[in-house]
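[1] Quick one, fold the following:
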Amino acid sequence: MNDLCVLLISGPLAVGKTSIREALIARHGYAAVQSSPYLRQLAERRGITIDRANLQSLGDALDLETQYSWIVKNVALPQIAATPEQHFWVVDSVRKAEQVRLFRDYFGSVITHVHFTCPESVLKNRYDTRSRQEDGISYEDAINHPNEISARGLSQIADRVVELETLTSEKAADMVAKWSNPSS
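    Presented below is the predicted three-dimensional model:
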């Protein structure tokens with residue numbers, strides 16, 4: 001695992017985690033550890049309607065059932081093991097301190113955790129300008145969800161905290177790639 005680099009990204013809703021993940025993939029050769037396919041398959045097997053709210057509830061239930069380990073054991077480890085030639089990975093779905101701790105327990109020093117922030121007014125504007133008709137959830141309701149509250153608190157345990165108000169996703173990705181892999 002010496003040449004492995006696993007980057008954990010956290011931050012509030014609408015901060016730009018997905019855009020940064022995509023820039024890391026396109027510009028720096030990262031691959032994404034994705035929990036959505038796993039959750040969708042599990043939801044299908046359990047007969048759960050697949051939508052954002054149900055997948056979030058399923059993830060919450062798995063957190064309790066597995067003591068937060070499902071994201072590492074059932075998602076990250078199999079994806080990384082299946083692609084041994086891939087050395088750079090990004091996880092943009094860490095929401096809870098327990099998940100970060102488990103990633104550190106399993107992967108050790110190859111973990112870099114970066115938390116992104118932005119002023120609340122910018123976050124609200126970004127959320128409101130996205131297409132959210134399928135969710136029907138107001139920004140105020142969305143930020144009061146326990147996962148969102150937990151994700152915002154991850155700044156306290158991150159290796160680095162980055163303010164994104166004036167940074168593009170590409171510049172943020174370049175900065176993060178340099179921190180997590182100085183040879184990039």
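[2] Which residue, other than its chain neighbours, is closest to F107?
    Leaving aside its chain neighbours, F107 sits nearest to V6 (5.2 Å; criterion: C-beta to C-beta, 6 or more residues apart in numbering). The way it works is simple: take the backbone N, C-alpha and C, and place the C-beta from them, glycine included.
[3] Quick check: which element contains that neighbour?
    Element membership of V6 [criterion: DSSP states H and E] is strand 5-10.
[4] that older thread, list the residues that contact the residue nearest to F107.
    Applying C-beta atoms under 8 Å, 6 or more residues apart in numbering, we find V6 in contact with 33, 76, 80, 89-91, 103, 107, 110-112.
[5] So which of those are in helices?
    Secondary-structure check on those using DSSP state H: residues within helices are 80, 103, 107.
[6] Can you give me the pLDDT of the second one?
    The predicted local distance difference test score for F103 is 97.
[7] where's it relative to D159, distance?
    As defined by C-beta to C-beta, to the nearest Å, F103 lies at a distance of 12 Å from D159.
[8] Of these two, give the one with the bigger neighbour count.
    With neighbours defined as other C-beta atoms under 10 Å, F103 and D159 compare such that F103 has more, 21 against 14.
[9] Any idea which helix or strand in the protein has the lowest mean pLDDT?
    Ranking every helix and strand in the chain by mean pLDDT, DSSP states H and E puts helix 139-143 at the bottom, with a mean of 87.
[10] Now that one: buried residues?
    Applying a neighbour-count criterion of 16 or more other C-beta atoms under 10 Å, the buried positions in helix 139-143 are 139, 142-143.
[11] now do stretch 169-182
    The neighbour-count check on stretch 169-182 (16+ other C-beta under 10 Å) flags 169, 172-174, 176-177, 180-181 as buried.
[12] Likewise for stretch 152-167?
    Counting neighbours by 16+ other C-beta under 10 Å, stretch 152-167 gives 152, 154-155, 158, 162, 164, 167 as buried.
[13] got any ranges where the protein has weak pLDDT?
    Under the criterion pLDDT under 70, the flagged ranges of the chain are 1-2, 131-135, 181-184.
[14] List the contacts of the residue of the chain most remote from its centre.
    The outermost residue of the chain, judged against the average C-alpha position, is G47 (25.6 Å), by C-alpha atoms, centre = their mean. Under the criterion of C-beta under 8 Å, 6+ apart, G47 has no contact partners.
[15] Pull up the gap between it and Y127, please.
    With the distance defined as C-beta to C-beta, G47 ends up 31 Å from Y127.
[16] H145 too?
    H145 sits 13 Å away from Y127 when distances are taken as C-beta to C-beta.
[17] neighbour count winner among these two?
    Set side by side, H145 and Y127 give different neighbour counts by other C-beta under 10 Å, the larger being at Y127 (20 against 16).
[18] okay but the more buried one is in contact with P12, surely?
    No. Under the criterion of C-beta atoms under 8 Å, Y127 makes no contact with P12, lying 9.5 Å away.
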